[in-house]
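>>> can you look at this prediction? I've put the sequence above it.
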Amino acid sequence: MTVSENEHEKQILKEKLTTIFEMKDLGKLKYFLGIEVAYSKKGIFISQWKYVFDLLKETSQIDCKTTRVPIEQNHRIGSDEDSSIVNKGQYQRLVRSSFT
């Protein structure tokens, strides 16, 4: 199948889908649900770098240090020692954003 035949087939498919669904052709996908999409000759690459960066920025953790272990060893959950006040609204936004 040639490139022009391929484009023609895509156009026919879009027209059929438009009769069933309300839709728009916005061109190549670049960003969707926190996932960036990049195209190259080697293939399609996806990344959540921007999504993670925005979460770190919102929580003022841009300068945080990385670790291989996500929680300190022997950490007691619910311990009142050194507990900081949690911003309930921000916590709910962050949890909600991980599901959208």
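Thanks, I have it.
>>> longest helix of the chain?
helix 3-20 (DSSP state H).
>>> quick one: average confidence on that helix?
Across helix 3-20, the average pLDDT comes to 89.
>>> with just CA atoms, put that helix into CSV.
Presented in CSV, the C-alpha positions along helix 3-20 are these (Å, rounded to 0.1, in the frame of the first residue of the first chain):
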residue,chain,number,x,y,z
VAL,A,3,1.5,6.5,1.2
SER,A,4,-1.3,8.1,-0.7
GLU,A,5,-3.4,4.9,-0.5
ASN,A,6,-2.7,4.8,3.3
GLU,A,7,-3.8,8.4,3.7
HIS,A,8,-7.0,7.7,1.7
GLU,A,9,-7.8,4.7,4.0
LYS,A,10,-7.2,6.8,7.1
GLN,A,11,-9.6,9.5,5.7
ILE,A,12,-12.3,6.9,5.0
LEU,A,13,-11.9,5.5,8.6
LYS,A,14,-12.1,9.0,10.1
GLU,A,15,-15.3,9.7,8.1
LYS,A,16,-16.9,6.5,9.3
LEU,A,17,-15.9,7.2,12.9
THR,A,18,-17.4,10.7,12.6
THR,A,19,-20.8,9.3,11.7
ILE,A,20,-20.8,7.3,15.0
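>>> name the nearest residue to the residue most central in space within the chain, sequence neighbours excluded.
For the chain, the residue nearest the mean C-alpha position is Gly34 (2.0 Å; Cα atoms, centre = their mean). Counting by Cβ to Cβ, 6 or more residues apart in numbering, the nearest residue to Gly34 once its immediate chain neighbours are dropped is Tyr51, at 3.7 Å. Just so you know, the C-beta spots here come from the backbone N, C-alpha and C atoms, and that holds for glycine as well.
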